[in-house]
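In: Sequence first, predicted coordinates after that:
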Amino acid sequence: MIALAVAVAVLVLAQLRPADQPVALPGPTVVPSPSLSIEPWSLPAVDWEPLPEPDPASPLFAAQSAAINAVAPPALTGCPVPAVVGDADEWRAAVEGQWRCAHAAWRQILEEFRLSTREPAVHFFVGEGADSECGYVVAPAFYCAVGSGSVYFGDGHLSQARTWDLAVNEMVNHEYGHHLQALFGITANRLVAPGGLQLERRAELQAMCWSAAMTRANDAVVFDEAAYDGWTARLDRMREDASHGTRPSLRYWGTRGLYAETMGDCNTWVAAPAQVR
């Protein structure tokens, strides 16, 4: 009887013990969600045609073959963050800050070419024009190459800077482009070559193209789709005249500069007359 009781007890314990153990139940199947990747915005694809090679027989050969053509747009670092301005004081501070930044970006390159690294003086004026070492000049902004150079900015630009965050950047880089033209011998060639207003247009369109290139190289600029739209809208509003060019020319060079890998991609001096009307 005792042996039978023990056997029964062992059987009961053996039946109960599995129920005391935790049982792993199948859980829901976890399907990994696909990782979300947002492609960064990039400039619209454009198949830019290569520009002609410099022509040694051209009276513009010195401008066409300027050493700056092989230079990649330098990175502009530490520039003022582009923003609309509230008043004249903010505007002047932004202009001076952007000018210093552009000059700092080019200093090492100028040293490598053994060119002057002296920073041109910045002046401001009220009204449509101002006296300078180049005489009285009527323009929203202008550069004078006399001496070590100087640059003048008129308060007429203030209204644009109040509504477009890249206004100061575009204008200052443009005028600095004229300083580069003077340093690299382009201006000197322009002044003695025949061509009249077409040469003025070549100079202005190159400076505008360079401004676009330097804007893209500015790490303070978030050049996204909104910035691109703002830039092209500016090209559509920019003044057309015999010195600056027609709307198609302004659009062409002002957009081409955004894609420039070298400053030579803005070489208006080799372009056909139809491209610099």
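Out: Sure, I can see it.

In: quick one: the strands in the stretch 101-250 of the chain?
Out: Using DSSP state E, counting those that start in this stretch, the strands of the stretch 101-250 of the chain run over 121-125, 129-132, 135-138, 141-144, 150-154.

In: got a markdown table for those, with distance to residue 43 and mean neighbour count too?
Out: The way it works is simple: take the backbone N, C-alpha and C, and place the C-beta from them, glycine included. Output for the strands of the stretch 101-250 of the chain, formatted as a markdown table (distance: least, CB to CB, whole Å; neighbours: other CB atoms under 10 Å):
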| stretch | distance to residue 43 | mean neighbour count |
| --- | --- | --- |
| strand 121-125 | 31 | 15 |
| strand 129-132 | 36 | 16 |
| strand 135-138 | 34 | 11 |
| strand 141-144 | 27 | 21 |
| strand 150-154 | 29 | 21 |
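
In: Figure out which of those is closest to residue 274.
Out: Shortest separation from residue 274 across the strands of the stretch 101-250 of the chain is recorded for strand 141-144, at 27.0 Å, computed as CB to CB.

In: Report the strands that pair with that closest one, each with its relative direction.
Out: Strand 141-144 has the following strand partners under DSSP bridges: strand 150-154 (antiparallel).

In: Provide the contact partners of the partner strand at residue level.
Out: Outside of strand 150-154, the residues that reach it under the criterion CB atoms under 8 Å, 6 or more residues apart in numbering are 95, 99, 120-130, 132-133, 137, 139-144, 171-172, 175-176, 179.

In: So for that strand, mean pLDDT?
Out: Computed over strand 150-154, the mean pLDDT rounds to 98.

In: go on, stretch 232-244?
Out: Averaged over stretch 232-244, pLDDT sits at 94.

In: can you give me how far it is from the chain middle?
Out: Average the C-alpha atoms of stretch 232-244, do the same for its chain, and the two points are 18 Å apart (CA atoms, centre = their mean, to the nearest Å).
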